[in-house]
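Trainee: Show me how the following folds:
(2 chains)
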Amino acid sequence: MSNELVPTDDSIAPAHAPRSTDINPKAEKRAEQQIAILFGLSALGSLLLIYSYVFVTKDVFIFIPIMGNQNAQQLGIGIGMAMSLFFIGIAAIHWAKTLMSDVEVVNHRHEFRSSDEDREEFVKTVKNGVAAAGLGRRKLIKRSLGVAIGFFALPPVLLLRDLGPLPKKQLETTNWKAGTRLLTDPGNRPILASDLEVGAVVQVLPAVENEDERPLSDIAKDPVLLIRLREQDFQLTPEKLAMTHNGIIAFSKICSHMGCAVALYEQQTKHLLCPCHQSTFDVTRGAKVIFGPAARPLPQLDITVDGEGYLIARAAFNEPVGPSFWERNSQ
Amino acid sequence: MTPVEKTIGNAANFVDERLGAAGWVKKSLNKVFPDHWSFMLGEVCMYSFVILLLSGTFLTFWFDPSQRDVIYNGVYEPLKGLKMSAAYASTLDISFEVRGGLLMRQIHHWAANIFMAAIVAHLLRVFFTGAFRKPREFNWILGILLLTLGLVEGLFGYSLPDDLLSGTGLRITSAIIQALPVVGTYISFFLFGGAFPGTGFIPRIFTLHILIIPGIFLAVITIHVMLVWYQKHTQFPGVGRTEKNVVGHPILPVYMAKAGGFFFVVFGVIAFLSAVASINPIWLYGPYTPGQISAGSQPDWYMGWLDGLVRMAPPLETHAFGHTISWNILIPALIVPGILFTGMALYPFIESWITGDKREHHLLDRPRNVPNRTALGVMSITFVMVALINGGNDILATNFHLSINQIMWFSRIGIFVLPPIAFVITKRLCLSLQRADRDLLLHGSETGRLLRLPHGEFVEVHEPISAEKAFLLQSHEEPIALELSEVDSRGVRRPGALKNKVQRRLSKAHAVSVPKVSEQELKEIEHH
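Mentor: From the prediction side, this is the model:
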C-alpha cells in the first residue's frame, strides 16, 4: 500500500461509465418507448377523471377489499387525478435519467465578502448620505422624528379596538341565579329530584327566556353536570355538603384548566375526566383535582328543590367557571 | 434555421431587447445543482406548498367562512335539520355535493400534513449536515420562520370547518390567549368578537389563512429559494468536491426535468393518498357546540407535541392580589416553545461562538464527525417525541390497554431524563462510528475469508477500501478546542472571564473526536 490510499486531488475520480442507453441504440429506443407509455398512462388517468366526473353518479358505491365500500365517483376522480399527475412526473424523471446527459459539471464558487474597495465606497456613500441629511447635527428634527414614529405605532393598535366588546364581567358570570330551574340538555325539561337514581348523570342548562335560541357563548359557560351518589360516599366540607341535595351534586361541566367539556364520568371510581388534557376530578371530594394539569376543582353549584319538587339553583356560582384569566380572583 | 427555431428566436429577441435578459438567463441555465436524495426534502416542501395554494383556492370557491347559524338541509342524512354554522354546513356541501370536493379537501389536508413533515425533515437534514453554517445563517432563520408560520397556518386551517373537534381546538386556543397576564382577557374578547366562541373568529382566521399568511409564506419562500440560488447549494464531500466549487447537473435540461417531474410525482402521491385514505371526516364529528366533546380529541400531528406538553404540565397557578397566573398553561404552551424556537433560530451563531469558526462552509458534515451537534439534535428530537407521545396518551392508553396516569408520569419524568440520555448515547455512537472509519482506513474492510497460516494461526483477510471511499473518510477536519485563558499575558483576570470559561468548556466538549489517520500511521501500514 502506498500513500495514494488517501489522495488529496481528484486524480482518482473514476472514469465516467456510460449508461446502456448511451451506447446501445436498442436500449435507447426501449427507454424512449417506456417514456411514451408513461405519458400515455397519464393521459389515461385524465380520461378516467373526466369519465368519473361526468358519467358516474354520486350514489354509486363499490366494494374494495380492505377499504370497504367506497364512493365510486370520488374514487374515480381521485385515482384518475393521481395517475395523470404521477405518470407525467415519472416519465419526465425517467427521461432525464436515461436519455439526458448524466455528465456532472463543475461550477466555481466565489467568496461572498465584497472587495475592500467596494466596502470603503459603501461606507463613504452612506456617510455622505447621512451627512447630507444632517441628522447628526439637527437634534430637534431627530427627536421630533422619534416622537412621530413612536406615536405612529399607536393608531394601528387603536384601530383594532372595535374587533370585539370589552370583557366586563362576562367571564365571572353565568345564567345561573338563585331560583333558576335546572333543565335537561337536550330536551329543556325540568328535573324532579326524585327522578334521579343513585349513579345517574345528567347534563343540565339553566332555564332562560328562550331556551331554543341559547347563544353558543352561553353554552360555553352554563353547562352543569348533575351526579347522584349515595350520601355516605361524599367526603365534603359541611359548606359543600350543604350545597348538595339528597346526594345530588352539581358541578360546572367546563374544565377549570382550558375550558373543554369535562364529559367522561367513571361510574366505578366516581371520577370525572376531561378528554382534552386528562385532568381528573374526584366527585366525592367536591371535584378536587387528583390528576392532570388542572389547578382548581370544578366550581360547585348550590342546588335545592322548589315547591313542586323540581331542582333549582339556590344561588349563582360563587366563583367564575372555566379556564383562568388574569382578572380572576381565585383566593 | 427551422421555423420553430425562428419563432423561438424572435420571441427571445423581443424579450432581450427590452429586458437584456440573455446574459443572466444564460448564466442561470448553466447553474449547477448537486445531486443527493436528501436535497429533495426542501423540494417536497415547496411543491406541497404549491399544491396547498391550488387546492385551497378551489375550496374557497364554495366555503362560506361564517359563524352565522343555519339549518342543515343537504344530502348527508344523519345531520339533516340540525342547527350549525354556515362554515360547517358549507364544508359538508363541499364534501358531499361538489364533485371532487371531498378529494380536494383531502388533498388540502394531506398536503398540509406532508408540508409540515417535509419542513421538519428538511430542517433535520440541514441541521445534521451543518448546512446552516456561514454563509447560510439567514436562510436557516427564514426556515425557522416558515416552520413557525406553518404551525399557525395549519392550526387556522383545520379550525375553519367549525366541527366539534376543531372547535375544541379553538377552545384551547382561547384559553391560551386568556392565560396571558394583564392583556389576555381583552385580546381574547377582541379576537373572538366577544365571549368564546363569539362570532368573529372563523371569518377572521379565514382572512389570515387564505391571504396574509400565504402572502408572507410566498415572500419568505421566494427569498429562501433565491438565497439557495445565489449562494449555490451545499454539497457532500467527495472526490473532486471542494469548498471552492459545486459539482452536479446543470439546470437545463437535467435538473429542470427531474425537479419538474418530481413536482408531479409529489402531487400524484398526495392525490392518490387523498383518493384512498380518509382524513378529517368532519361529518362524523358533528357541528361545534362548547357543551360537548368527543373522547380522544387530537390535534394534527405537528401540534401534538405542544398539546403533550400542556397535558404533562403540573397543576401550577399563582393566586395573588386578586389576579391569577396560569403557569400550567403559560409554561408548556408559550414559554417552552418560545425558548425552543429562539434557541433553534440562534443555533448557527451559538455553534460558531463555541467553535470559533468564522469561515464559509459549502461542504457538508457527515453527522458522525460533529458528535456534539448530532447529539444535541437527537436530544431535541427525543424531547419532542416524549411530548408527542404524551399528546396521544389517551389514544395509547385505550389502544394498548395502558394506564393513562402511568403514561403521563413516564412523560413527566422522561421529558427531563430521556433527552440527556439520548445525548450521551448519540455522542458515544458518533465517536464509535469515527473509530470504525479509522479502522476501515488503517486495516481495510473485512472480507469474511479466513486464512490458515503455516504455523496454524487463523487470520481474516482484509481488503483495502477504494480510493474514493478513503478520500471521503479522510475529508473532514479535526476539530480543535479554542485556546482561551482566563488571565491575560500579565496574569490579570480578564473582564468576562466567566464567559470565556463557558466558551472554553463548550469548545472543549465540542472538539472531542477520534484522531484522524496521520501521515505517520499511513507510512507504518505501508511496511506491514
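Trainee: neighbouring strands for the strand ranked longest in chain B, and are they parallel or not?
Mentor: If you go by DSSP state E, chain B has its longest strand at strand B:445-452. Under the criterion DSSP bridges, strand B:445-452 sits next to strand B:458-463 (antiparallel) in its sheet.
Trainee: which residues touch the partner strand?
Mentor: Residues from elsewhere that reach strand B:458-463 (C-beta atoms under 8 Å, 6 or more residues apart in numbering or on different chains): B:443-453. Any C-beta I mention is one placed from the backbone N, CA and C, and that applies to glycine too.
Trainee: Extract the C-alpha trace of that strand and format it as CSV.
Mentor: Written as CSV, here are the backbone C-alpha positions of strand B:458-463 (Å, rounded to 0.1, in the frame of the first residue of the first chain):
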residue,chain,number,x,y,z
PHE,B,458,-6.2,-18.3,11.6
VAL,B,459,-6.4,-14.7,10.2
GLU,B,460,-9.1,-12.9,8.4
VAL,B,461,-8.1,-11.3,5.1
HIS,B,462,-8.7,-7.6,5.0
GLU,B,463,-9.0,-5.7,1.7
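Trainee: gap between it and the chain center?
Mentor: Its chain's C-alpha centre lies 45 Å from the corresponding centre of strand B:458-463 when counted by C-alpha atoms, centre = their mean, to the nearest Å.
Trainee: How about stretch B:204-219?
Mentor: Between the centre of stretch B:204-219 and the centre of its host chain there is 20 Å, according to C-alpha atoms, centre = their mean.
Trainee: What is the end-to-end distance of that stretch?
Mentor: Stretch B:204-219 has its terminal residues 21 Å apart, counting by C-alpha to C-alpha, to the nearest Å.
Trainee: ok, of the contacts of strand B:458-463, which come out buried?
Mentor: B:Gly444 (16 or more other C-beta atoms under 10 Å in any protein chain shown).
Trainee: Out of the contacts of strand B:458-463, flag the one nearest to B:Phe189.
Mentor: Closest to B:Phe189 out of the contacts of strand B:458-463 is B:Ser445 (69.0 Å), distances taken as C-beta to C-beta.
Trainee: so what's that closest one up against?
Mentor: By C-beta under 8 Å, 6+ apart, the contact set of B:Ser445 is B:462-463, B:465.
Trainee: Pull out the buried positions in stretch B:453-466.
Mentor: Residues of stretch B:453-466 classed as buried by neighbour count (16+ other C-beta under 10 Å): B:Ile465.
Trainee: how far is that stretch from where the chain is centred?
Mentor: Relative to the centre of its chain, stretch B:453-466 is centred 47 Å away, using C-alpha atoms, centre = their mean.
Trainee: Give me the mean pLDDT for it.
Mentor: For stretch B:453-466, mean pLDDT is 89.
Trainee: cool, stretch B:188-196 as well?
Mentor: 92.
Trainee: Stretch A:238-251 now?
Mentor: Average pLDDT, stretch A:238-251: 92.
Trainee: Which residues belonging to it are considered buried?
Mentor: Across stretch A:238-251, burial judged by 16+ other C-beta under 10 Å covers A:240, A:243-245, A:247-251.
Trainee: what's the answer for stretch A:98-110, then?
Mentor: Residues of stretch A:98-110 classed as buried by neighbour count (16+ other C-beta under 10 Å): A:98-100, A:102, A:104, A:107.
Trainee: which one is B:Phe58 nearest to, not counting chain neighbours?
Mentor: Spatial nearest neighbour of B:Phe58, chain neighbours left out: B:Met104 (4.9 Å); criterion: C-beta to C-beta, 6 or more residues apart in numbering or on different chains.
Trainee: quick one: low-confidence parts of chain A?
Mentor: Applying pLDDT under 70 to chain A flags residues A:1-15, A:331.
Trainee: Domain-wise, how is the chain divided?
Mentor: Went with chain A since none was named. What automatic domain parsing lists as the domains of chain A is A:18-98, A:182-313.
Trainee: my bad, chain B
Mentor: B:33-348, B:366-478+B:513-528.
Trainee: Most proximal residue of the stretch 401-528 of chain B with respect to chain A?
Mentor: With C-beta to the nearest C-beta, the shortest gap between the stretch 401-528 of chain B and chain A falls at B:Ala467, namely 4.1 Å.
Trainee: Could you measure from B:Gly491 over to B:Ser485?
Mentor: Noted for B:Gly491: a distance of 10 Å to B:Ser485, by C-beta to C-beta, to the nearest Å.
Trainee: of these two, who's got more company?
Mentor: Neighbours were counted for B:Gly491 and for B:Ser485 using other C-beta atoms under 10 Å in any protein chain shown; B:Ser485 has more, 11 against 7.
Trainee: sec struct for the more buried one, please.
Mentor: At B:Ser485 the chain is in coil, as set by DSSP: H, G, I helix; E, B strand; the rest coil.
Trainee: what about the residue nearest the centre of chain B, distance to chain A?
Mentor: With distances taken as C-alpha atoms, centre = their mean, the residue of chain B nearest its centroid is B:Val120 (1.7 Å). For B:Val120, the distance to chain A equals 23 Å [C-beta to the nearest C-beta, to the nearest Å].
Trainee: In which helix or strand does that residue reside?
Mentor: In the assignment (DSSP states H and E), B:Val120 maps to helix B:101-128.
Trainee: could you give the mean pLDDT of that helix?
Mentor: Mean pLDDT, helix B:101-128: 96.
Trainee: which two of the buried residues of stretch A:98-110 lie the greatest distance from each other?
Mentor: Spanning the widest gap among the buried residues of stretch A:98-110 are A:Thr98 and A:Asn107, at 24.6 Å by C-beta to C-beta.
Trainee: Restrict stretch A:90-105 to CA atoms and write it as CSV.
Mentor: What follows is stretch A:90-105, C-alpha atoms only, in CSV (Å, rounded to 0.1, in the frame of the first residue of the first chain):
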residue,chain,number,x,y,z
ILE,A,90,-42.3,9.6,-13.6
ALA,A,91,-42.0,10.0,-17.4
ALA,A,92,-40.0,13.2,-17.0
ILE,A,93,-37.7,11.7,-14.4
HIS,A,94,-37.1,8.6,-16.5
TRP,A,95,-36.4,10.7,-19.5
ALA,A,96,-33.9,12.8,-17.5
LYS,A,97,-32.2,9.7,-16.1
THR,A,98,-31.9,7.6,-19.3
LEU,A,99,-31.7,10.0,-22.2
MET,A,100,-30.4,13.3,-21.0
SER,A,101,-26.7,13.8,-20.3
ASP,A,102,-25.5,12.4,-17.0
VAL,A,103,-22.1,14.0,-17.1
GLU,A,104,-21.6,16.1,-14.0
VAL,A,105,-20.2,19.6,-14.5
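Trainee: That stretch and chain B, are they touching?
Mentor: Yes - using C-beta under 8 Å from any C-beta of the partner chain, stretch A:90-105 reaches chain B at A:90-93, A:95-97, A:100-102, A:104-105.
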